[in-house]
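Novice: sequence first, then the predicted structure, then my questions.
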Amino acid sequence: MLLILLKTTRTPADRAALEEALEEDLEDLLRGEHKGAFQCVSAYKRLTQQLGTAAQRAAYLPATATCESELAIAELYVSEVFDAALRQETIPKLDAARVAQSERQTESCRAAVGDLRRAYFEAIYGSN
């Protein structure tokens, strides 16, 4: 895919800048792998955004796609961020999201992941 992106109609300067930016993002991704899950996910997001921009399309999955990336982030919230009490409270939602994902019930998966995201923001910023 990278070769296709680089061979589209761009000036040599544009291609060189894109190559450099993608190389930096890829190096960040590889470094993020050793720094921890959040750094890795953040680097992955930057890389996909860069690729999406280069392809002149949205970097995010269409609505009909799986909720795999959202589920991965929710799993990080539960395993890495939540304290023991919140983890215990949210495990059923995480399990529901996993089951929905495995059964290709994207909307159910996203609903469960949304509840986990909401729990994360309430833990960080407090509830209204």
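Specialist: Cool, got the structure.

Novice: care to break the protein down by domain?
Specialist: Annotated domains of the chain cover 12-54, 68-125 [automatic domain parsing].

Novice: in a markdown table, list those domains along with mean neighbour count and mean pLDDT.
Specialist: For every residue, glycine as well, the C-beta is placed using N, CA and C. Shown next, in a markdown table, are these (neighbours: other Cβ atoms under 10 Å; pLDDT from 0 to 100):
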| stretch | mean neighbour count | mean pLDDT |
| --- | --- | --- |
| domain 12-54 | 15 | 71 |
| domain 68-125 | 16 | 90 |
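
Novice: isn't Arg110 up against Glu68?
Specialist: No - when contacts are counted by Cβ atoms under 8 Å, Arg110 is not listed as touching Glu68 (10.9 Å).

Novice: how about Cys109, phi and psi?
Specialist: Backbone torsions for Cys109, taken as degrees, to the nearest 10, come to phi -60, psi -50.

Novice: check the gap between it and Ala100 for me.
Specialist: As judged by Cβ to Cβ, to the nearest Å, Cys109 and Ala100 stand 4 Å apart.

Novice: between these two, which contacts overlap?
Specialist: Cys67 (Cβ atoms under 8 Å, 6 or more residues apart in numbering).

Novice: okay, strands next: where are they in this protein?
Specialist: With DSSP state E, there are no strands along the chain.

Novice: output the longest helix belonging to it.
Specialist: In the chain, taking DSSP state H as the definition, the longest helix is helix 12-35.
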